[in-house]
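J.: coords please:
(one chain, ligands or ions: 1)
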Amino acid sequence: LTQDELKRIAAYKAVEMVESGMVVGLGTGSTAKHAVDRIGELLHQGKLKNIIGIPTSTKTHEQALSLGIPLSDLDSHPVLDIAIDGADEIDPNLNLVKGRGGSLLREKMVEGVCKKFVVIVDESKLVKYIGGSGLAMPVEIVPFCWKFTAKRLQELFEYAGCVAKLRTFASCNGMENGGLPFVTDNGNYVVDLYFKRDIGDLKAASDAILRLAGVVEHGMFLDMATTVIVAGDLGVTIKNK
Ligand code: DER
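T.: I've put the predicted structure just below:
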C-alpha cells in the first residue's frame, strides 16, 4: 500500500466516529484532506446530516467549501464534538508534533476545545521521542525581529543540539533567508527547530518556548490526542488515551 493509501485508510476509519449533528474540527494536511473529502462524500450521500465544520486553515476552509460542508468558527462554536487531523510525529504517550504544514496555531486552538481529538497517521509518523524524526518542530513567531527570537529558541535547546531555521517558501541557492519567509494564515513567521537529541521534559520545553515574548505557539501537541488511528501495511491500529 502506498503512503497515501494508508493515510486514506486511517482518515476513513476516523470519519466513522463522526455522527450526524456533530460540530467537527476539520484538520489540515494530506491525511486530513482525505477525512474532509470523506465527510463531504457522506453528506452528499445523505449518510451524514447536519454537520458543522470548523476548519483549521484557509486551505481546509476552501476544500470544505468546495465540498459543500457547512462551515462555522470558534466564535459561534467554542466547544466541538470531535476534531480529526494528521500529525508529523507521534510518541508512545500520544504526544504529537504538528505544524509542518504551517497551520499549527489554528489547529491547536480548534483541537484544544474538542471532546474528542482523533489523530490519523500512517505508520511512518511513529517516533520513539518527540523530535526523533530529525524533522522540524515548528514554532510560530511574530515577524518583528525574527532573528532575535530564532536565536533565543536555538539557545533554549542548545543541550539537545538544536538548530533553528526560518521557514521560507523556497530558499534560493541554499541561503537560509534567500527565499521569502513563509507567512502563516495569521500573518506570522515559522521557525523550524531541529534536534539532534531528545529534549527531555516536554511540558518544561513547552512552557519555556511559550515564555519567550515574540513566540505565538509551537507544534508540540501534548496530552491532547484522545484517539490515534495508525494505518500500516499490517492493518489499522486504534490507540485510545
Ligand atoms: O501541518 C500539520 O499540522 C499537518 O496536520 C501535519 O501534522 C500532518 O500533515 P500530513 O497529513 O500531510 O502528513
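
J.: where does the chain come near the ligand, residue by residue?
T.: 27-32, 85-88, 98-101, 103-104, 107 (Cβ under 6 Å from any ligand atom). The way it works is simple: take the backbone N, C-alpha and C, and place the C-beta from them, glycine included.

J.: buried members of those into PyMOL, please.
T.: Remark: buried members of those, expressed as a PyMOL selection using 16 or more other Cβ atoms under 10 Å:
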select buried, resi 27+28+29+31+32+85+86+87+88+98+99+100+101+103+104+107
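
J.: next step: the residues of the chain next to the ligand restricted to helices.
T.: 30-32, 104, 107 (DSSP state H).

J.: number of nearby residues for the residue nearest to residue 9 when sequence neighbours are not counted?
T.: Computed as Cβ to Cβ, 6 or more residues apart in numbering, the closest residue to residue 9 that is not its neighbour in sequence is residue 231, at 4.3 Å. By other Cβ atoms under 10 Å, the residues close to residue 231 number 24.

J.: also residue 49?
T.: 10.

J.: quick one: residue 227 and residue 241 touch, right?
T.: Yes. Applying Cβ atoms under 8 Å, one finds residue 227 in contact with residue 241, separated by 7.2 Å.

J.: more crowded one of the two?
T.: residue 227 (19 against 12).

J.: which residues are in contact with the more buried one?
T.: 14, 17, 116-119, 238-241 (Cβ atoms under 8 Å, 6 or more residues apart in numbering).

J.: closest to residue 194 among those residues?
T.: Distances from residue 194 to the contacts of residue 227, taken as Cβ to Cβ, are shortest for residue 119 (22.5 Å).

J.: next secondary structure after the helix or strand containing the closest one?
T.: Element membership for residue 119 (DSSP states H and E) is strand 114-122. Sequence order places strand 137-141 as the next helix or strand after strand 114-122, per DSSP H and E.

J.: now that next one, how far from the chain's geometric center?
T.: 11 Å (Cα atoms, centre = their mean, to the nearest Å).

J.: what's it packed up against?
T.: helix 104-111, helix 146-156, strand 189-194, strand 215-218 (3 or more Cβ pairs under 8 Å, 6 or more residues apart in numbering; DSSP states H and E).

J.: among those, which is nearest residue 22?
T.: Taking the helices and strands packed on strand 137-141 one by one with Cβ to Cβ, helix 104-111 is closest: 13.7 Å.

J.: list the buried residues for the closest one?
T.: 104-108, 110-111.

J.: any shared contact partners between residue 227 and residue 241?
T.: With Cβ under 8 Å, 6+ apart, residue 227 and residue 241 have no common neighbours.

J.: let's see the pLDDT reported for the residue most central in space within the chain.
T.: Residue closest to the mean C-alpha point of the chain, counted by Cα atoms, centre = their mean, is residue 98 at 3.5 Å. Residue 98 carries a pLDDT score of 98 in this model.

J.: check the one 4 residues further on too.
T.: pLDDT, residue 102: 96.

J.: check contacts around it.
T.: So residue 102 contacts 57, 138, 167, 182, 184-185, 190 (Cβ under 8 Å, 6+ apart).

J.: looking at those, which two lie furthest apart in space?
T.: Going by Cβ to Cβ, the pair spanning the contacts of residue 102 furthest: 57 and 167, at 15.2 Å.

J.: now the strand holding residue 119: buried residues?
T.: So, applying 16+ other Cβ under 10 Å, buried residues of strand 114-122: 114, 116-122.

J.: do stretch 153-167 as well
T.: 153-154, 156-157, 160, 162, 164-167.
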